[in-house]
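Q: pasted the sequence and its predicted model underneath.
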Amino acid sequence: MSEEQRKQVLRLPKRHSRERAERPDPEVGARLFREQSLRGAIVAALVSIIAFGFIWAMLSTALEKVFPWMTVVQGLIVGLVVRRAGRGLDWRFPVVAAAAAVVGALAGNVVVAAAFTAAEFDTGILTVLRAATSFTWPVFFDEVITPADAVYALAAAGVAAFYANRRLTRDQYAAYRAWQDQGRGGP
């Protein structure tokens, strides 16, 4: 063991030093850009909205309570799913996640209201949803959707957008920036 190693036993490693010898590889940045999938993010967001809507409806009918804050949980799940499936690095992925969270909030409220209506009429949720007409929707928005639902939907959109982009290590970010600086930067 050398004298230098004994002196720095309790010191933290220098991760922010300017002494980094290797330059970031732009090819790593290009590979990170190619790994993005906007279609995968959209499909995953839609699947998570549908699955979460039915889970939310089942939980609400089982406990005979409506949980409007579940919209924010749905936003978290949508953001994480968009991050995992889309592997996005730019502004498109938070926009997709936020829009999907707002659509999911509305769809979730529709499914939960249909579940309570189905229990009242002793029928299925899909039967109630298929029976909805253009005369049903104004009544739904007057009686079921409240300003609090809009606040929850906006909070869900913010949470989804926050979690939508891929998290990069310091080296990956440096490589991506080096690739962008070469004039090949993405959208």
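A: Looks like it arrived, so ask away.

Q: residue 69 and residue 152 touch, don't they?
A: Yes - taking Cβ atoms under 8 Å as the definition, residue 69 is a contact partner of residue 152 at 6.3 Å. Bear in mind the C-beta positions are built from the backbone N, C-alpha and C, glycine included.

Q: more neighbours: these two, which one.
A: residue 152 (21 against 11; other Cβ atoms under 10 Å).

Q: give the buried residues for the helix or strand containing the more buried one.
A: Using DSSP states H and E, residue 152 maps to helix 147-164. For helix 147-164, the neighbour count (16 or more other Cβ atoms under 10 Å) marks 149, 152-161, 163-164 as buried.

Q: could you give the separation of the host helix or strand of residue 82 from the chain centroid?
A: Using DSSP H and E, residue 82 sits within helix 70-86. Offset of helix 70-86 from its chain centre (Cα atoms, centre = their mean, to the nearest Å): 3 Å.

Q: next SSE downstream of it?
A: helix 92-121.

Q: what's that next one packed up against?
A: Applying 3 or more Cβ pairs under 8 Å, 6 or more residues apart in numbering; DSSP states H and E, one finds that helix 92-121 contacts helix 38-63, helix 70-86, helix 125-130, helix 147-164.

Q: okay, which residue is most central for this protein?
A: residue 79 (1.1 Å; Cα atoms, centre = their mean).

Q: report the contact partners of the closest residue in space to that residue that isn't next to it in sequence.
A: Residue nearest to residue 79 in three dimensions, not counting chain neighbours: residue 163, with 3.1 Å by Cβ to Cβ, 6 or more residues apart in numbering. Taking Cβ atoms under 8 Å, 6 or more residues apart in numbering, we find residue 163 in contact with 76, 79, 80, 82, 83, 97.
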